[in-house]
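Visitor: Give me a 3D structure for the following:
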Amino acid sequence: MQQPLFLKDVYELDLQILAEILSPSVFLVAFVGVLIGIFVGAIPGLNGAVGISLLLPLTFTLEPQLGILLLGGIYMGGMYGGSITAILLNVPGDVVAAPAAMEGYPLTKQGRSKEALYYSIFSSMLGGFVGGPCTDILYTSTCRICLKIWTC
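Guide: Residues are numbered from 1 along each chain as shown. Reported below is the predicted structural model:
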């Protein structure tokens, strides 16, 4: 039985995607998306999903891949941005920022807000860097299992 194209060449596609990711325009769009997301997420009551819905019209002028990247950057930046006000002001703007308020605001009262913000951004970056490849590997494995079950 011949494997479908999307499973057979997944790793070749990953290498092509990696080469595409290293282009300057992709870095610029990702950086702008994360920056916008941080500003949107830092406003109490707004989060990454609200930022995406507000800024969706911006993506109509971009290529589809860059538009999705911009929206993903807004969402990821919004997740971190919510922790800024949670740590500094004890105002979690989102449910995701509530643990940051519970753990980070006591550090701010002790004068260690810089340390709390560092931990927050480090954990956000680590989650993104570890979660991305893990998701890619798990999706590939899950697709193979589902296709074997489906074709039986």
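Visitor: Stretch 79-94: how far from the chain's middle?
Guide: Taking Cα atoms, centre = their mean, to the nearest Å, one finds stretch 79-94 lying 17 Å from the centre of the chain it belongs to.
Visitor: neighbouring contacts of it?
Guide: 37-48, 96-98, 100-101, 104-105, 107-108, 113, 116-117, 120-121, 124 (Cβ atoms under 8 Å, 6 or more residues apart in numbering). For every residue, glycine as well, the C-beta is placed using N, CA and C.
Visitor: Just the buried residues out of those residues, in PyMOL syntax.
Guide: The PyMOL selection below is limited to those of those classed as buried (16 or more other Cβ atoms under 10 Å):
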select buried, resi 37+38+39+40+41+42+43+46+47+48+96+97+100+101+104+105+107+108+113+116+117+120+124
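Visitor: In the protein, where is pLDDT below threshold?
Guide: The chain contains residues with pLDDT under 70 at 1-11, 151-152.
Visitor: Quick check, central residue of it?
Guide: Geometric centre of the chain, nearest residue: residue 76, 3.2 Å, by Cα atoms, centre = their mean.
Visitor: in what helix or strand does that one lie?
Guide: helix 64-89 (DSSP states H and E).
Visitor: Can you list the buried residues in that helix?
Guide: 66-67, 69-88.
Visitor: Kindly report the same for stretch 47-56.
Guide: 47-48, 50-52, 55.
Visitor: With stretch 118-131 instead?
Guide: Neighbour-count burial for stretch 118-131 [16+ other Cβ under 10 Å]: 119-120, 124.
Visitor: give me phi/psi at residue 94?
Guide: Backbone geometry at residue 94, expressed as degrees, to the nearest 10, gives phi -150, psi 160.
Visitor: Let me fix that, I meant to ask about residue 23.
Guide: Residue torsions, per degrees, to the nearest 10, at residue 23 are phi -80, psi 150.
Visitor: Equivalent analysis for residue 45, please.
Guide: Dihedral angles (degrees, to the nearest 10) for residue 45: phi 100, psi -20.
Visitor: swap in residue 44?
Guide: Main-chain dihedrals, residue 44, degrees, to the nearest 10: phi -60, psi 130.
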